[in-house]
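Peer 1: no sequence on this one, just coordinates:
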């Protein structure tokens, strides 16, 4: 079973095997090396592990086919997407602030 992913940074599509993701929680674009935050990937990995466990328990009575499109989440989860976007903006600001601090310290060392 695989997850089909498309990198938002470079639009590259790639697959990750779910068993590999559960064993080693890591999502990285093979083209541009963009990485998903470790805590997010670990949460996804744990959720998938639990989902597969419950799916196995259902299998004797029901067949389950599941399709999830991150652009088509129920309204309750759209709030989480807004928070995620804010977190990314904060991460970008933090990186910029770190760069500025490094530049300031380099300027101070030159003087």
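Peer 2: That came in fine, so what should we check first? Since this is a predicted model, take the numbers as computed values, not measurements. Numbers count the residues shown, from 1 in each chain.
Peer 1: What is the burial count for residue 71?
Peer 2: By other CB atoms under 10 Å, 5 other residues sit near residue 71. For glycine as for every other residue, the C-beta is placed from the backbone atoms N, C-alpha and C.
Peer 1: How about residue 45?
Peer 2: 19.
Peer 1: give the contact list for the residue minimising distance to the centre of the chain.
Peer 2: By CA atoms, centre = their mean, the mean C-alpha position of the chain lies nearest to residue 36, the distance being 3.9 Å. The neighbours of residue 36, taking CB atoms under 8 Å, 6 or more residues apart in numbering as the test, are 27, 28.
Peer 1: Next, it: phi, psi?
Peer 2: phi -80, psi 150 (degrees, to the nearest 10).
Peer 1: now the helix or strand where residue 47 lies: mean pLDDT?
Peer 2: Assigned by DSSP states H and E, residue 47 belongs to helix 38-58. When pLDDT is averaged over helix 38-58, the result is 94.
Peer 1: can you pull the buried residues of that helix?
Peer 2: For helix 38-58, burial by neighbour count (16 or more other CB atoms under 10 Å) applies to 41, 44, 45, 48.
Peer 1: Tell me where the protein has helices.
Peer 2: Assigned by DSSP state H, the chain shows helices spanning 18-23, 38-58, 75-110.
Peer 1: quick check: mean pLDDT across the last one?
Peer 2: Helix 75-110 shows a mean pLDDT of 55 in the predicted model.
Peer 1: Check residue 71 and give its pLDDT.
Peer 2: 86.
Peer 1: rewinding a little: among the buried residues of helix 38-58, which one lies nearest to residue 18?
Peer 2: Set against residue 18, the nearest of the buried residues of helix 38-58 by CB to CB is residue 48 (5.7 Å).
Peer 1: Okay, the closest one and residue 20: tell me how far apart.
Peer 2: 11 Å (CB to CB, to the nearest Å).
Peer 1: and what of residue 59?
Peer 2: 22 Å.
Peer 1: how far does stretch 13-25 stretch from start to finish?
Peer 2: 19 Å (CA to CA, to the nearest Å).
Peer 1: Name the residues of that stretch that come out as buried.
Peer 2: Neighbour counts over stretch 13-25 (16+ other CB under 10 Å) mark 18, 21, 25 as buried.
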